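A.B. asks: just to be clear, the model below is a prediction. Sequence and coordinates:
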Amino acid sequence: MRAVTVSPRVPDSLRLIEEWPEPAPEEGAILVEALAVGVCGTDQEIIAGAYGEAPPGQDRLVLGHESLGRVLEDPTGTLQAGDLVAGIVRHPDPVPCPNCAVDEWDMCRNGQYTEHGIKALPGFARDRWRVQPKFAVGLDPVLAPVGMLLEPTSVVAKAWDHIERIGRRAEWKPQTVLVTGAGPIGLLAALLATQRGLSVHVLDRATEGPKPDLVRALGATYHATPVTELDFAPDVVVECTGAPVVVLDAMFKAGPTGIVCLTGVSSGGRTIDFDAGALNRALVLENNVVLGSVNANRRHWELAAEALARADQAWLNSLISRRVPVEAYAEAYTTGPEDIKVVLDFTA
Ligand SMILES: [Zn+2]
């Protein structure tokens, strides 16, 4: 069968292998036929050789962590043949740490977790894969064209879950949300904000291309201005750029009792001048919280599946910029300015 693979840490080692072995039974009882795999910046960094780790004893890593497939067989009876399914990316560390011990692998404390298509577990960019029931998430049949969005949606479902848990520290009636960055994560964070009935603002550098219209189609307001020029103080900020100036401006901009959730990963290595004392003062005097959020556990995957099932399916479809047949795989990993989400199509 076909598999899209890299030799981890070797730049430009991306290859489609036609004779990849069938998934091993140890990978899980549920056998799945791949429908599609979403592509994101993490894949591009792995292809560039920045990171990635093959399973023990192997020299190639199958890519793909944004999965969508159809169940071929499930002898455990958890799912039925024909059901749509996605595989949870992260598995708990073997120690396990206190969080992984209770299946909060998104909060792993020792970094020894493994991740499909990224770290020591084979990815989902292959014709067939297997998954254990514990890591298999069923999807509503309506999501067949867009179910590969479940993984990025799980990331924002976790962000919202943690924002709301923090909000419950006191009386909390949020009204306005600022999402910085209108890539897939930012747009999905905005979707979940609109589902909560909040007044949603999305900020991005783009003045053309699909982003402004995608934001407006949600009923949200699009801003192509610096954060400092916004004329409101958001109750919640979901930061999805990782751009240092945007991150700092967002922390200063949040209103009283504001919660700033950082989801963008900065590359680091650049320094900028800022007044740390003024930031401390702004955070303390307004009871503000800044938190980082990464990955998702099973509960968040299930919340994400519900959120996608009740979203406007045409809007979700419009996030998919291109569907690239597996045979043209390399085209999926070279993204352009007009691309929101590119997917590898295993059915073509
Ligand atoms: Zn752990």
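C.D. replies: Happy to help now that I have it. What you see is a predicted model; the values in this text were computed from it and never measured.
A.B. asks: for Val245, the count of nearby residues, please.
C.D. replies: 14 (other Cβ atoms under 10 Å). The way it works is simple: take the backbone N, C-alpha and C, and place the C-beta from them, glycine included.
A.B. asks: tell me the pLDDT of it.
C.D. replies: Looking at Val245, its pLDDT is 95.
A.B. asks: adjust the sequence numbering to begin at 48 for everything that follows.
C.D. replies: Got it, the first residue is 48 from now on, which makes the last one we talked about Val292.
A.B. asks: got a list of what the residue of the stretch 148-297 of the chain found nearest the ion touches?
C.D. replies: Nearest to the ion, among the residues of the stretch 148-297 of the chain, is Cys155, at 3.2 Å (Cβ to the ion). Cys155 is in contact with 137, 139-140, 144, 146-147, counting by Cβ atoms under 8 Å, 6 or more residues apart in numbering.
A.B. asks: mind running it again at 10 Å?
C.D. replies: 137-140, 142-147, 341-342, 344 (Cβ atoms under 10 Å, 6 or more residues apart in numbering).
A.B. asks: got phi/psi on it?
C.D. replies: phi -50, psi 140 (degrees, to the nearest 10).
A.B. asks: how close does it get to Gln179?
C.D. replies: 18 Å (Cβ to Cβ, to the nearest Å).
A.B. asks: secondary structure class of the most centrally placed residue in the chain, three-state.
C.D. replies: For the chain, the residue nearest the mean C-alpha position is Pro199 (2.5 Å; Cα atoms, centre = their mean). Under the three-state scheme (DSSP: H, G, I helix; E, B strand; the rest coil), Pro199 adopts helix.
A.B. asks: residue contacts, the closest residue to it other than its chain neighbours?
C.D. replies: For Pro199, the nearest residue in space outside its immediate sequence neighbours is Pro231; the separation is 5.1 Å by Cβ to Cβ, 6 or more residues apart in numbering. If a contact means Cβ under 10 Å, 6+ apart, then Pro231 has 85, 87-88, 113, 196, 198-200, 202-203, 287, 366-368, 386-389 as its contacts.
A.B. asks: can you say which of those residues are buried?
C.D. replies: Among these, the ones that count as buried by 16 or more other Cβ atoms under 10 Å are 85, 87, 113, 196, 198-200, 202-203, 287, 366-368, 386-389.
A.B. asks: tell me the mean pLDDT for the longest strand along the chain?
C.D. replies: Counting residues, the longest strand found in the chain (DSSP state E) is strand 77-86. For strand 77-86, mean pLDDT rounds to 98.
A.B. asks: same question, stretch 248-266
C.D. replies: Averaged across stretch 248-266, pLDDT comes to 97.
A.B. asks: tell me the buried residues in it?
C.D. replies: Result for stretch 248-266 [16+ other Cβ under 10 Å]: buried residues 248-251, 256-259, 261-262, 265.
A.B. asks: burial count for the closest residue to Thr254 other than its chain neighbours?
C.D. replies: Excluding the flanking residues, the one nearest Thr254 by Cβ to Cβ, 6+ apart is Ala271, at 4.8 Å. Neighbours of Ala271 under the rule other Cβ under 10 Å: 14.
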